[in-house]
Structure formats: C-alpha cells, structure tokens
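Novice: Sequence isn't available, so here's the structure alone:
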Ligand SMILES: C[S@@+](CC[C@H](N)C(=O)[O-])C[C@H]1O[C@@H](n2cnc3c(N)ncnc32)[C@H](O)[C@@H]1O
C-alpha cells in the first residue's frame, strides 16, 4: 500500500468514527473499498481538498451531513433484476409457499422498490398475493419515498419487460402499470399489501417473523463482522425453514453461520433456515 492510500484509509476511518460519535449513524462495518469510493466522490463533488476537510464540514454542519447522508448508500436496482432468480423463486419456492395459510415477506434494503413490486407481481400471478404482507425497508429515506410512490421513468420500461419475460412472467409487464407522460406508475392492486418503512440493518432489531427474507445486493457492502451480525438478525426474523434470498455475488457460509442456514441453491444464493433446535445443538 502506498503512503497516500494509507493516509486516505486512515482519514476515511476517522471520518466514519466522527460520524458515529456526532450523529450515531454507523457506517464503520461497511466494506472499506466501497465506502472509501463513496467518500472520495463526495470530496470531489463538493470541491474539497481531502477527506479531513469533508470530516470538518460534516461534524460542524449538520445540514451538510444530512444532505450527504443518502450518498453513503448505493441504490442501483431494477424490476426483476436477475430474472433467473425470479424464475427459480416461482418454480421452486412458490410451491412450498402455497402450502402456508398466510405469508410474510421482508425485503431488506429495498432501495427504490422495483424488487418489491416485482415480487408482488409474481405472487399475484401465482394467486398468493391476497394472503401476503410485504414489509420493505431501507435506510435511505429518499429512496423509500420513490418506492412508496411507485413511479418510475418510461426509459426503464423496455428493460423491465425483457426481465419480466425472462423471469417467467405469465402476462405482460404493462398489465401492472399505468403510463403517465414520461413515467409509469405501479398499479394500485399491486401496491395494496406492501408496507415501506425505515429500518437500519446495523442498528435496528427484528420486527417480524417472516417466511421469506430477500436481502439482495446489500451484504456486498458490509464487512465480515457486520455481515455475521446481520445474518443473525435474519435468523431471528425467520420462521423455521424460512427462506433467505441473497444477491448472486453474495454468500454467508462462514463458520459462524454454517449452523444457521442451509444453502439450497448455489446459483441463486437461496438459503433455508435450520430449525432452532438444530442450530443450538450445532452451536
Ligand atoms: C444496491 S441496493 C440493492 C437494492 C435491491 N435489493 C436490489 O438488489 O436491486 C442496496 C440498498 O441497501 C441499502 N442499505 C445500505 N445499508 C443499509 C442498512 N444498514 N440498512 C438497511 N438498508 C441498507 C441502501 O440504502 C440501498 O438502497
């Protein structure tokens, strides 16, 4: 590591510590590389000289901190992202869910909501949506506002439709939206059973006993220790035999979690929670 990189790493670490001390917001367990990339972007976007200058501004100016807070989270997402996952979900998980009298699903780190509406459409097509409550959470208030509105730009439409078909959609994507000028809005019947709210995976507790948790493309931003803590939160928030669905580049099979989850599909990164008795015996 060269001298400048090492100094920047130290500055970035001090900035995260200062944010935690001043505002209680904890990014200290985020993966160093990606958080540093975001920080350096804030430095250049705001015409600052270095991370120390950013730190000074952040801790002396609460409004500046509030303005930059959403920039710590990366909200990239799309409808039916990774279509093969939804196809797998429809073919392999839905038959199990059909045997339950009611369903609770938690989307953790839902960003602007596209993933949540995709799941609602899939469940509607499988006649499961009526008995389902979907909880969709994120730390980014601005992203959650967009998610609640369910309004997206028309330029996303062609990709949505392609993904929907690849995901095994039974109708056409346009059946679930209304187009208004440059935007399209998700149909009210798809929005009905979804509850969006603020929840921080680092600091907040469990609030649900879910049959399925989707936390896709979030853990990739966390370091090993934080991932272990969040996986424990998911374990505590799932029914026995509940499903945990991660992003295609994510995995949780460290020694501390091996006794809690069974990997049931390697390609789609879907895990199933072991019954507690088994985890206790192994642990
Ligand atoms: C790349 S997006 C993933 C969106 C969606 N799950 C997907 O796969 O398309 C990551 C999301 O995780 C959220 N996030 C990051 N840290 C979080 C935390 N501590 N608690 C809850 N959500 C968090 C970010 O705000 C962002 O919206």
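Specialist: All right, it came through fine. Just so it is clear, the structure is predicted and the values come from calculations on it, not from any experiment.

Novice: When you work out contacts or count neighbours from here on, use the C-alpha atoms and nothing else.
Specialist: Will do.

Novice: Can you report phi and psi for the closest residue to residue 223 other than its chain neighbours?
Specialist: Using C-alpha to C-alpha, 6 or more residues apart in numbering and skipping the chain neighbours, the partner closest in space to residue 223 is residue 31 (4.6 Å). The phi/psi pair for residue 31 (degrees, to the nearest 10) reads phi -60, psi 130.

Novice: can you pull the contacts of residue 31?
Specialist: For residue 31, the contact set (C-alpha atoms under 8 Å, 6 or more residues apart in numbering) comprises 220, 221, 222, 223.

Novice: same deal with residue 191?
Specialist: With C-alpha under 8 Å, 6+ apart, residue 191 has these contacts: 117, 120, 150.

Novice: What subset of the contacts of residue 31 is buried?
Specialist: Taking 16 or more other C-alpha atoms under 10 Å as the criterion, what is buried in those is 220, 221, 222.

Novice: Just name the closest of those to residue 173, please.
Specialist: For those, the residue nearest residue 173 by C-alpha to C-alpha is residue 220; the value is 29.2 Å.

Novice: Help me confirm that that closest one comes into contact with residue 248.
Specialist: No - assessed by C-alpha atoms under 8 Å, residue 220 is found out of contact with residue 248, at 10.0 Å.

Novice: quick one: the nearest residue to residue 220 once chain neighbours are set aside from residue 268, how far?
Specialist: Closest residue to residue 220 apart from its sequence neighbours, by C-alpha to C-alpha, 6+ apart: residue 250 at 6.1 Å. With distances taken as C-alpha to C-alpha, to the nearest Å, residue 250 is found 10 Å from residue 268.

Novice: neighbour-wise, which of those two wins?
Specialist: residue 268 (21 against 17; other C-alpha atoms under 10 Å).

Novice: What are the boundaries of the helices in this structure?
Specialist: Along the chain, the segments classed as helices by DSSP state H run 3-23, 32-45, 51-60, 62-68, 83-88, 94-97, 114-125, 141-149, 157-166, 188-191, 224-236, 276-282.

Novice: So which bits of the stretch 101-250 of the chain are right by the ligand?
Specialist: Residues of the stretch 101-250 of the chain lying close to the ligand by C-alpha under 6 Å from any ligand atom are 109-111, 115, 138-140, 199-202, 215-218.
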